[in-house]
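1. no sequence on hand, only this structure:
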């Protein structure tokens, strides 16, 4: 059984040997296809330098040293960042669920529990909350934004029947700046997109 397998490979082996003999004799040169006119004049020194570069790239590199991981300021920042994320995660998740799920239809007011959470954790921190509430707060409503019809947002429904939108991201920014004065701005720059809210 082994003999027929060896015989099958024999013509290929003979062909390889034939090409090696011709290469050694200089009769057959490796054909190159130029990519551009200037590449035809490329010297063998350039080929050698490319070969050296690839060998150096494949050689062992020292692992990068991250001094900032050992820095007490960086460690404190990472701890504070985790604390802020844990703090705002419940209200962010609730707000996203309110805005993006089928729980509330367009123009529908929030339940008493959701409204209380939104008013306490978001609206009370809005930079212009007094202007938004105006004559009094009747309810919080979900609907499409009047200008940006593809996005849904939260609205304050006033006791006089008027309603006005408010950005939950502005509320979160103000909350973070008030409760985390030393790292709030850094957190906002890292986690909030520019122009959002």
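-> Received the coordinates, thanks. Bear in mind the structure is a predicted one, so any value in this text is a computation, not a measurement.
2. what mean pLDDT does stretch 174-183 get?
-> Mean pLDDT, stretch 174-183: 95.
3. begin at 33 from now on, thanks
-> Yep, numbering from 33; the last one is stretch 206-215 now.
4. buried sites along it?
-> 206, 207, 208, 212, 215 (16 or more other Cβ atoms under 10 Å). In short, each C-beta sits where N, CA and C put it, glycine included.
5. next: stretch 189-202.
-> In stretch 189-202, counting by 16+ other Cβ under 10 Å, buried: 189, 190, 195, 197, 198, 199, 200, 201, 202.
6. residue ranges with poor pLDDT in the chain?
-> Applying pLDDT under 70 to the chain flags residues 33-101, 226-229.
7. all helices for this structure, in order.
-> Here the chain has its helices, by DSSP state H, at 34-57, 76-90, 99-102, 104-132, 144-153, 161-165, 200-211, 216-223.
8. what about stretch 185-202, how long is it end to end?
-> For stretch 185-202, the first-to-last residue distance is 12 Å (Cα to Cα, to the nearest Å).
9. surely residue 194 is in contact with residue 166?
-> Yes. Counting by Cβ atoms under 8 Å, residue 194 does reach residue 166; the two are 7.0 Å apart.
10. which residues does the closest residue to residue 127 other than its chain neighbours contact?
-> Using Cβ to Cβ, 6 or more residues apart in numbering and skipping the chain neighbours, the partner closest in space to residue 127 is residue 200 (4.9 Å). If you count contacts by Cβ atoms under 8 Å, 6 or more residues apart in numbering, residue 200 has them with 127, 150, 154, 185, 186, 229.
11. again, only using 10 Å
-> Taking Cβ atoms under 10 Å, 6 or more residues apart in numbering, we find residue 200 in contact with 123-124, 126-128, 130-131, 150, 153-155, 157-158, 185-186, 229.
12. of these, just the buried ones, PyMOL syntax please.
-> What follows is the PyMOL syntax selecting those of the contacts of residue 200 that are buried according to 16+ other Cβ under 10 Å:
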select buried, resi 123+124+126+127+130+150+153+154+155+157+158+185+186
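13. closest to residue 112 among the contacts of residue 200?
-> Nearest to residue 112 out of the contacts of residue 200 is residue 124 (Cβ to Cβ; 17.3 Å).
14. on that earlier part again, residues shared between the contacts of residue 194 and residue 166?
-> residue 188.
15. dig out what the closest residue to residue 178 other than its chain neighbours forms beta bridges with.
-> Nearest residue to residue 178 in three dimensions, chain neighbours excluded: residue 197, at 7.5 Å (Cβ to Cβ, 6+ apart). Beta-bridge partners for residue 197, by DSSP bridges, are residue 187.
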